[in-house]
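A.B. asks: Dropping a prediction and its sequence here:
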Amino acid sequence: MLSKTQIEQFNDQGYLILKGAIDEIDIQRLEQ
């Protein structure tokens with residue numbers, strides 16, 4: 001079982017990765 005801090009760290013990383021991917025998509029959309 002993951003500890004609460006491990007879960008929070010995982011969520012933060014996942015959020016940053018997701019946000020980065022969304023920013024990439026937005027940039028590509030603007031360049032078209």
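C.D. replies: Received, thanks.

A.B. asks: Could I get the full set of strands for the protein?
C.D. replies: Using DSSP state E, the chain contains no strands.

A.B. asks: And the helices in it, which stretches?
C.D. replies: With DSSP state H as the definition, the chain shows helices at residue ranges 4-31.

A.B. asks: low-scoring stretches of it, by residue?
C.D. replies: Counting by pLDDT under 70, the chain shows no low-confidence range.

A.B. asks: From the chain's centroid, how far away is stretch 2-13?
C.D. replies: Taking the mean of its C-alpha atoms, stretch 2-13 sits 13 Å from the chain's own mean (Cα atoms, centre = their mean, to the nearest Å).

A.B. asks: Show me which residues of that stretch are buried.
C.D. replies: Counting neighbours by 16 or more other Cβ atoms under 10 Å, one finds that stretch 2-13 has no buried residues. Quick note: C-beta positions are derived from backbone N, CA and C, even for glycine.

A.B. asks: And G14, how close does it get to I27?
C.D. replies: G14 sits 21 Å away from I27 when distances are taken as Cβ to Cβ, to the nearest Å.

A.B. asks: er, L18 actually
C.D. replies: Using Cβ to Cβ, we find L18 at a distance of 15 Å from I27.

A.B. asks: do Q9 as well
C.D. replies: Note on Q9: its distance to I27, by Cβ to Cβ, is 27 Å.

A.B. asks: Mind listing residues that contact stretch 18-31?
C.D. replies: Contacts made with stretch 18-31 from outside it, assessed by Cβ atoms under 8 Å, 6 or more residues apart in numbering, are absent: no residue qualifies.

A.B. asks: Can I get that stretch in CSV? Just the C-alpha atoms.
C.D. replies: The C-alpha coordinates for stretch 18-31 follow below in CSV (Å, rounded to 0.1, in the frame of the first residue of the first chain):
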residue,chain,number,x,y,z
LEU,A,18,-0.7,16.2,-17.9
LYS,A,19,-0.4,20.0,-17.8
GLY,A,20,2.8,19.9,-19.9
ALA,A,21,1.0,17.7,-22.5
ILE,A,22,-1.9,20.1,-22.6
ASP,A,23,0.4,23.1,-23.0
GLU,A,24,2.1,21.3,-25.9
ILE,A,25,-1.2,20.7,-27.6
ASP,A,26,-2.1,24.4,-27.2
ILE,A,27,1.2,25.5,-28.6
GLN,A,28,0.8,23.3,-31.7
ARG,A,29,-2.8,24.6,-32.1
LEU,A,30,-1.5,28.2,-32.1
GLU,A,31,1.2,27.5,-34.7
